[in-house]
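Novice: what's the 3D shape of this:
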Amino acid sequence: MGARTGPAAAAAGGDGDGRPGRRALLVGAAAAAVGTAVLAREELSRLWWRLPGVDKPRVAGAVDFRGARWVAASAANYRRADRPADYRVDRVVVHVTQGGYASAVKVFQDPAHGAAAHYIVRADGRVTQLIRELDVAFHAGNREYNERSVGIEHEGFVDDASSFTDALYAASARLTATVCGRYGIPVDREHIIGHAEVPGTDHTDPGRFWDWDRYLGLVRAERARRAPNERS
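Specialist: I've put the predicted structure just below:
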């Protein structure tokens, strides 16, 4: 999270959705493709489900990472989407809260804050999800990176090495391994990056005490453990 990002900064970063009605365009294109043929109701339902940009059913309180706690961020701090159908997901962005867990949740639930991440990992290893991975979280300060990434906050301070506990590293690695497996993201430093590496940002997290070698090793080990049981 680092320095606080307000609504004006989010707007400047191009987080607003100014696209024309994607649903109308796609449905019109589908109708043109079939000409005057009448689609059966069940067939239309299947087609509608697969159209990018169309809201899929949402279950209140559902999480994308097993064992995570759901605490909803303010709707002002993200944009509803249909990822990866409408935006390819190929990055994980690592953040540090620069504060405690409770304060991070509080600001992510504040509509005036203008930013929030998909997840927070606490120092004790507990994971909270605030935004569905389907949706575009305003976490990176760069519209393109927001659209293509999952943002993971970590409780602590960039200048305090003790923030990054064994439990935090292990839980975050399990989370990142799950995200990488879901979207086919390579486990490397090109695709798992710090907030400071996002183009145009003025943030410094996760900072010099974040052990990238250790972290990627844990993520790779978790991916190797999970891979034999995964189904595409």
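Novice: neighbours of A221, just the number please.
Specialist: Counted with other C-beta atoms under 10 Å, the neighbours of A221 add up to 13. Backbone N, C-alpha and C define where each C-beta goes, glycine included.
Novice: skipping adjacent residues, who's closest to it in space?
Specialist: A173 (7.7 Å; C-beta to C-beta, 6 or more residues apart in numbering).
Novice: next, give phi and psi for L175.
Specialist: phi -60, psi -50 (degrees, to the nearest 10).
Novice: what sits against it?
Specialist: By C-beta atoms under 8 Å, 6 or more residues apart in numbering, L175 lies in contact with 65, 68, 119, 121, 127, 152.
Novice: mind listing what A117 touches?
Specialist: 1, 95, 108, 130-131, 137, 139, 151-153.
Novice: I'd assumed G61 was in a helix, is it?
Specialist: No. With DSSP: H, G, I helix; E, B strand; the rest coil as the criterion, G61 is coil rather than part of a helix.
Novice: burial check on it, number of neighbours?
Specialist: Around G61 there are 10 other residues, counting by other C-beta under 10 Å.
Novice: could you pull out the strands in this structure for me?
Specialist: Along the chain, counting by DSSP state E, strands occupy 69-70, 78-79, 91-94, 119-121, 127-129, 136-137, 149-154, 192-194.
Novice: can you put the ones you listed in CSV and add mean neighbour count, distance to A227 and mean pLDDT?
Specialist: Output for those, formatted as CSV (neighbours: other C-beta atoms under 10 Å; distance: least, C-beta to C-beta, whole Å; pLDDT from 0 to 100):
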stretch, mean neighbour count, distance to A227, mean pLDDT
strand 69-70, 14, 27, 98
strand 78-79, 21, 30, 98
strand 91-94, 25, 17, 98
strand 119-121, 29, 22, 98
strand 127-129, 21, 21, 98
strand 136-137, 25, 27, 98
strand 149-154, 28, 19, 98
strand 192-194, 21, 17, 98
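Novice: turn these into CSV, columns for distance to R58.
Specialist: Shown next, in CSV, are the strands of the chain (distance: least, C-beta to C-beta, whole Å):
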stretch, distance to R58
strand 69-70, 12
strand 78-79, 13
strand 91-94, 23
strand 119-121, 17
strand 127-129, 13
strand 136-137, 15
strand 149-154, 17
strand 192-194, 27
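Novice: do a quick rundown of the helices in this structure.
Specialist: 7-12, 22-34, 41-50, 101-108, 143-148, 166-183, 212-226 (DSSP state H).
Novice: buried sites along the fifth one?
Specialist: Applying a neighbour-count criterion of 16 or more other C-beta atoms under 10 Å, the buried positions in helix 143-148 are 143, 145-148.
Novice: ok, the residues you listed vs R214, which is closest?
Specialist: Distance to R214, by C-beta to C-beta, is smallest for Y145 among the buried residues of helix 143-148, at 24.2 Å.
Novice: mind checking pLDDT for the closest one?
Specialist: Y145 carries a pLDDT score of 98 in this model.
Novice: count of neighbours near the nearest residue to it once chain neighbours are set aside?
Specialist: With sequence-adjacent residues excluded and distances taken as C-beta to C-beta, 6+ apart, Y145 is closest to V198, at 5.1 Å. For V198, the neighbour count with other C-beta under 10 Å is 21.
Novice: measure V198 to A112 for me?
Specialist: 22 Å (C-beta to C-beta, to the nearest Å).
Novice: repeat for I152
Specialist: 23 Å.
Novice: got the contact list for the residue lying closest to V92 once chain neighbours are set aside?
Specialist: Nearest residue to V92, sequence neighbours excluded (C-beta to C-beta, 6+ apart): I192, at 4.8 Å. Listed by C-beta under 8 Å, 6+ apart, the contact set of I192 reads 91-92, 94, 176, 180, 185, 215-216, 219.
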